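In: Below is the structure, and that's it, no one-letter string:
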Ligand SMILES: Cc1ncc(C[n+]2csc(CCOP(=O)(O)OP(=O)(O)O)c2C)c(N)n1
Ligand SMILES: Cc1ncc(C[n+]2csc(CCOP(=O)(O)OP(=O)(O)O)c2C)c(N)n1
Ligand SMILES: [Mg+2]
Ligand SMILES: [Mg+2]
């Protein structure tokens, strides 16, 4: 069992599912011979043929729309959108169809489909290549949003997403595509959706985060522990619907909540978590909730992107402030 | 000064601005001879000609895209999207261009444009005609989202939106398009954006709401007052960016916060308000925040739409619960 | 890339005066068959006007009449096989009825009840589609599924003239052209998109010419001619089934009624245009033709209409007698497995539900 | 609706062997003019390879080379008037350079600095557009503004072959056709959209045929022929300026380089295809032509290249010497007037900023 990157784990999961389920097909721009611009689908077309792993014309709305059509007719399409900055033409199909096909036909038709897209900043990419807009999809009823933050979770969660009978937007933190290798058993075992993963236990402060920010948060927690502050770090993982219980239990223990995400603050997913705790866990809170997020501005071009993003220092600052309150 | 409906007030504002600013143009589906499916632009094409008030082909993404092009080249387009359920093809142009043209060119080009769209349920409309998805636009940096709830505010805020040098998504609560008449002076005076309007002062509970829910909230406040509970009702009005100060001051006074909106709860704008108060006004809170919102489901077909929506009873229940906490 | 700039064919066999062209395709010359189709057309028309009445009397929500589209609708459905899949627009419920959806289901849909889209037959067809042109992509996707499984099935999308302006329509044709998908894109060109005439939608010579942009075949037919409609749909479907790829079929007809029951077409179009169109509408010519073959007359029509009316009344009663769904049903079909967080919301909705009567 | 199914014209005047067609339009026969254009092409090529080098040495971000597009870029820009407005795609910075954007500004853009889009000249042009085909709608909108004000200006959108598959491209052509907008849609067909060849994008006979769907004129030119490019752009712009409406201009060329500096085209395309394309590329024929007119030779070229290199070095130094913008600038241009809520965020960013060095 060799150590693999997050990208490798995704490729392994897709290969496993293509191998074991004939209904699974992949589609997207440049995913075939080229193996995807990040090489996530490398080798899959060669192995499973161009009828299973399809290059499409350049039209994201089309990719989502035909995926819905295929899914409603019994296939399990896994579509790749090249970058999250180009995902917006799919919004119409996702909110008006994918998320409601099951409900509006009272279960007669449904959409077992996955939309994969790399998201987030920190890789010095050009304009429009570093966005984090998971909140848009999280607000859509009927759609799951899932974000892995390790090779093992990438493998198990992507399998779960493909097998899920409902639509899943599966966002891949490209900043950590290749950074942290891990041993992953290629055994076809899925991980549960709709639950958070507690990555570090602690008693003073709860830090809820996801995607690449998991690493900044863990680093910050490490630093804090040297200062005698014990942080519990929770990887939200399923961004929508939220696993309220795990978060509430943690806050009940720590009494302090910090939420960390790359996306803009205003109406980001952090707002939902804070609101949920302010409703359900208020009496457990010893101090105000804090969000450490991207600012409410356009993601800057890459020379300034690190100034936009939450950092170990910014997270640490919020944690210390919480302790001082 | 005759009493006018919210629709009339919008028509008056558009006529005023077309009359006084040659750069203002209107575009949309059926807004010309037909005067819009809700008759909001009735008479405008006749009066100002088909070059100022333009029927377009049926393509919402196109409407937004050409509006951006016009706005960047010095016009002030006011575009109508027929219903909010059909607004999603504009998401790409709004987030990737309208909201960032000024920033990405460091002020060289900008987009003084308005997207108008009726939103919300309660009028027994067909599928896809009753949606409330203001949160999607609220999450986009660089874009204002404005919602009026009375004829006078409709008039003054639409003028402000058209004159604003940045893009505004102007959402019209169609359930109250014609319900509450009010005297409105047609004097070309705009109202300020970026501020809440306090519609009723009170000392026990702060209710923040917008759009048609303002009426349910005011009715509920009325009922509560008979029970000796004093509610402050705030019309959020500018949904993004949020006027934090007014809300925080009110919560500082009342210690209790209820947020009421029609949109789905998860990652709705109510989450942002709750989060903001949990961050900035936490120590003023005497009890948990409560949201009374649409459920996290698809807007039901009209036979069940009233069961989906916040009602006087649901709001009253939340207010009483708050008092009991 | 193949050449597709060829001239667009235009098909008409049953002329406005009721004469059937001698060139009409073999298989169109049996008047009894045409009579069968005509009966379906009659049924659609009676149902349509009943639905309008229900709306006028407050028993149905906003309803988009298909008055004038009956030959197009019956012809499209008649050419399709049971196992094919339809992706209809909001107006073309007539096609759905002909495919087996029940009248009560159609009424439930416009009566604000989701069960209208849970029709018993045909289970694989897509429900009504309101967001214009989006269904074209679903049809293309369905065709991809059929192609993937090697099934001999076709998908049919029905779109309007206004709907051809949406990027989704073009994108669907384009992918269908690239993958030679077994799909037929039908455009019911009824000359109007609410208040916008087709000349203000596009400068394209015809709507069928739009096929050229995707390198697929485009063809026009007189949409008031049941023979031409069925024939060109049969051709297109047969070609698709054999692997010959997609076709764009433009059916030229006229929207004789208002856009919907909340529209007043008098505001934006001239009565004389409607009058001219009325002379060309599908029933006049079909009646003349059948009369000339001595298999139809006023008496037969009256008998059939009575039967229709009875069926429709029964369906209406069935519809009106259908109680609201339980309130929790609005939660139960959101996901295969309901997420934890919806449970409390469902309980809240049930608690506050006091509207079980309409 | 007008008829537009006519055959698509194909323009080529400067043949691959360097001969100028006798039928070449008057005004194309002055070799000195061609020499001027050729110098611009040379400058673009040298700049492009310098940019690639900067990326390779870590001094520039991902960069999309325009290697092979130089005749198309120079020809498009040469036909435009100063007061016209360009809406470029991410690859066609060469057109922007020819319109007056500085090399340092282009480098700033790809170097991750917003000021690269705040170019001093031409102030009204749109910045680089990364989301594919969206700029086509901006060009149409700009043309609506010109039409509205009665200005004699045109908008030009530049899109790629892959970009023709997006609905936005079609929607832009369609509105332009309906309103007879003064806009030219240029498609630089370089045969590839990253790894997808044009045959997998569409089954349309040619990309110019896509104009038919919008009822506008479509024309093709050899995009490696500077004379043909400039001429057909001039024709299209003149027509547009006179109120004759939009044109779709397909310029056929080849992407000689990788898609961007992070792409490896060797993974998906054959070297012999690239070799064949290389024989047809724009510089060989232009050099031959100019040599045959005795106004160009290796020595002149070397002299000019030295001059180019110096200019480019200066621009590069200017770029490299440009310090980062102050961190607060990422807040200052979000709105004309900064909302209250951003003030605290800006202070937070300034507080944590310790990265003023790159
Ligand atoms: C995407 C979208 N935009 C707008 C509407 C509102 N609308 C409903 S029908 C219609 C006109 C459609 O015209 P056409 O496609 O010709 O079909 P017809 O109504 O004539 O059958 C419009 C604009 C919609 N349903 N979907
Ligand atoms: C909407 C959108 N989708 C995807 C991308 C990613 N992408 C960048 S360039 C490219 C291929 C473009 O091909 P083409 O239009 O032929 O232009 P070329 O690169 O050949 O100049 C893709 C898919 C993008 N920039 N925008
Ligand atoms: Mg129509
Ligand atoms: Mg290309």
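Out: Arrived safely, thanks for sending. Just so we're clear, the structure is a prediction, and the values are computed from it rather than from any experiment. Ligands and ions are numbered 1, 2, ... in the order given.
In: For the rest of this, base every contact and every neighbour count on C-alpha atoms.
Out: Will do.
In: Give me every residue in the stretch 251-358 of chain C lying close to chain A.
Out: C:330, C:332-336, C:339-341 (Cα under 8 Å from any Cα of the partner chain).
In: distance between stretch A:214-222 and the chain's centre?
Out: 17 Å (Cα atoms, centre = their mean, to the nearest Å).
In: closest point of the stretch 201-350 of chain C to ligand 3, which residue?
Out: residue C:255 (7.0 Å; Cα to the ion).
In: Do a quick rundown of the strands in the stretch 151-300 of chain A.
Out: For the stretch 151-300 of chain A, the strands defined by DSSP state E, counting those that start in this stretch cover A:168-173, A:182-183, A:197-200, A:205-209, A:231-235, A:238-240, A:257-264, A:290-294.
In: Let's have the ones you listed in a markdown table, adding mean neighbour count, distance to ligand 3 and mean pLDDT.
Out: Output for the strands of the stretch 151-300 of chain A, formatted as a markdown table (neighbours: other Cα atoms under 10 Å in any protein chain shown; distance: least, Cα to the ion, whole Å; pLDDT from 0 to 100):
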| stretch | mean neighbour count | distance to ligand 3 | mean pLDDT |
| --- | --- | --- | --- |
| strand A:168-173 | 26 | 35 | 98 |
| strand A:182-183 | 14 | 57 | 96 |
| strand A:197-200 | 16 | 52 | 98 |
| strand A:205-209 | 28 | 49 | 98 |
| strand A:231-235 | 26 | 50 | 98 |
| strand A:238-240 | 28 | 39 | 98 |
| strand A:257-264 | 27 | 42 | 98 |
| strand A:290-294 | 25 | 46 | 98 |
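In: Can you give me the domain boundaries for chain A?
Out: Listed domain ranges for chain A are A:2-184, A:197-324 (source: automatic domain parsing).
In: so where is the stretch 101-250 of chain C shaky, pLDDT-wise?
Out: Counting by pLDDT under 70, the stretch 101-250 of chain C shows no low-confidence range.
In: contacting residues around residue A:309?
Out: Taking Cα atoms under 8 Å, 6 or more residues apart in numbering or on different chains as the criterion, residue A:309 is in contact with A:121, A:262, A:293-295.
In: Go again with 6 Å.
Out: Neighbour list for residue A:309: A:262, A:294 [criterion: Cα atoms under 6 Å, 6 or more residues apart in numbering or on different chains].
In: now it: how far from ligand 4?
Out: Using Cα to the ion, to the nearest Å, residue A:309 is found at 33 Å from ligand 4.
In: follow-up on the earlier one: right, and the domains of chain A - which one's nearest ligand 2?
Out: With respect to ligand 2, and counting by Cα to the nearest ligand atom, the nearest of the domains of chain A is domain A:2-184 at 4.7 Å.
In: in the chain, which spans are helices?
Out: Answering for chain A, as no chain was given. Counting by DSSP state H, chain A has helices at residues A:6-20, A:44-48, A:60-72, A:91-93, A:101-104, A:134-138, A:151-163, A:213-226, A:244-254, A:269-280, A:305-308, A:312-324.
In: wait, I meant chain C there
Out: Using DSSP H, the helices of chain C run over C:31-56, C:70-79, C:93-99, C:103-110, C:134-149, C:167-179, C:198-201, C:226-241, C:271-280, C:282-292, C:298-320, C:329-332, C:340-352.
In: separation between residue C:23 and ligand 2?
Out: Distance, residue C:23 to ligand 2, by Cα to the nearest ligand atom, to the nearest Å: 46 Å.
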